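> Take a look and give me a structure for this.
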Amino acid sequence: MRNNLELMLIESAKLSKNDICIITGNAPSLFPKINNILLQKLFKIITLVINHVDLGRKINRAKDKDAVIVYSFSTEFLFFSFLVSFWTKNVYLVNNHNVQQAYQNPVMNLILKIYHYVKYKFIILETSTILMDLGYQKQEVERHISLPHSVVSSINSANKSELFDDGEMSKKKVGIIGESRKGKNFSNTLDLMLKISKNLDILLIIGTDDFSCFEGMDLQGIKLINTSTNDAYMAALTACDVVVLNYEKSKYFYRCSGVAADAIGVQTYVVCPDFPFMSSQVNYPAKVGVVYQDETDLELALQQALELTLDPDKSAFESHYMQRSLAKTAAILDQAIQANS
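Below you'll find the predicted structure:
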């Protein structure tokens, strides 16, 4: 099972003792693609306004629920949702990319603070104390919820011999896995890994849905796996002993990694930057990866992660499955809802 955040919220709500409504603010596809950049931006704004007015109506319709959890919204356009649902008091905002935006942009931070003042409650993945970095007082932070990113065990019996030949089977496998997206720094990560692999007996794996970011690079000797389907993606993660994340600070400093959660779910160790949320993902409640301060430390971090793979004891992963289970998520939500009722 892929550890999709929206799905985790929906499944946790089903396990809750409270009546919880999960609302996802997906943008409607109302307009065709337009070549004119100005018109494109104008129609995007119109679409977002319509989307968030509709989101507000959905919030209003759920006003009698014990809690309304809103996932996937635009910070600056949520005001339109508030205008048509301001009398609904039990609204919780899942701040995924929104905190990262607030960290980068003072205007976004101000808007998010306004939502705090109008009594919206925030659900912050891993730890809400990072709001103090954005200027919140300790007593203000206490109103919001810290919610560890759920991890569901997805161990399968994938036959690695179908993916690798005899020479490849004997090597430790290190992967760059996930959707090719801005901020994930795939091509630079591969450059670093190619240099590091000269000193380590490892097989590099690239598993992605789009290899265009590697265009012009020498991929000889690298195992390429097209992960366009969920099964292929999970198989690629399962095939790896370690996955390496080298995401950009400007995009992911205050964000969790879905790839990290999915890797942990198949007992694959994670190497990632020492960003607050990702560090928590691999270290709480037990160590299932290694963090590094900057790219010069990546080789040492990878060596330490490879040492972890030699230990047959997988109890650290089991601890994650218990402490980050859907039932645990539901219990945390129930406790917060009761405290705020």
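> Show me how far stretch 236-246 is from its chain's centre.
Once both centres are worked out by Cα atoms, centre = their mean, to the nearest Å, stretch 236-246 turns out to sit 16 Å from its chain's centre.
> buried ones in the lowest-mean-pLDDT helix or strand in the chain?
Counting by mean pLDDT, DSSP states H and E, the weakest-scoring helix or strand in the chain turns out to be helix 166-169, with a mean of 74. Neighbour counts over helix 166-169 (16 or more other Cβ atoms under 10 Å) mark residue 168 as buried. (Glycine included, C-beta is placed from N, CA and C.)
> Equivalent analysis for stretch 96-111, please.
Neighbour-count burial for stretch 96-111, counted by 16+ other Cβ under 10 Å, picks out 96, 98-103, 108-109, 111.
> out of these, who's nearest residue 201?
residue 100 (36.9 Å; Cβ to Cβ).
> Now do the contacts for that closest one.
The neighbourhood of residue 100, defined by Cβ atoms under 8 Å, 6 or more residues apart in numbering, consists of 251-255.
> Among these, which one is most surrounded by other residues?
Ranked by the number of neighbours (other Cβ atoms under 10 Å), these place residue 254 first, at 27 neighbours.
> pretty sure that one contacts residue 279?
No. Proximity of residue 254 to residue 279 does not meet the contact threshold set by Cβ atoms under 8 Å, at 11.5 Å.
> quick check, distance from the least confident helix or strand of the chain to the centre of its chain.
Centre-to-centre, helix 166-169 and its host chain are 32 Å apart (Cα atoms, centre = their mean).
> for the stretch 1-150 of the chain, what spans make up the strands?
In the stretch 1-150 of the chain, the strands defined using DSSP state E, counting those that start in this stretch lie at 20-24, 67-71, 91-95, 121-125, 145-147.
> need these in TSV with distance to residue 51, can you?
As requested, the strands of the stretch 1-150 of the chain are exported to TSV (distance: least, Cβ to Cβ, whole Å):
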stretch	distance to residue 51
strand 20-24	11
strand 67-71	12
strand 91-95	15
strand 121-125	20
strand 145-147	24
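> Please tabulate the ones you listed in CSV, including the columns mean pLDDT and distance to residue 311.
Converted to CSV, the strands of the stretch 1-150 of the chain look like this (pLDDT from 0 to 100; distance: least, Cβ to Cβ, whole Å):
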stretch, mean pLDDT, distance to residue 311
strand 20-24, 96, 38
strand 67-71, 96, 36
strand 91-95, 96, 35
strand 121-125, 96, 28
strand 145-147, 96, 29
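> among those strands, which is nearest residue 338?
Comparing the strands of the stretch 1-150 of the chain by Cβ to Cβ, strand 67-71 comes nearest, at 10.2 Å.
> That closest one pairs with which strands, and in what direction?
Here strand 67-71 is paired, per DSSP bridges, with strand 20-24 (parallel), strand 91-95 (parallel).
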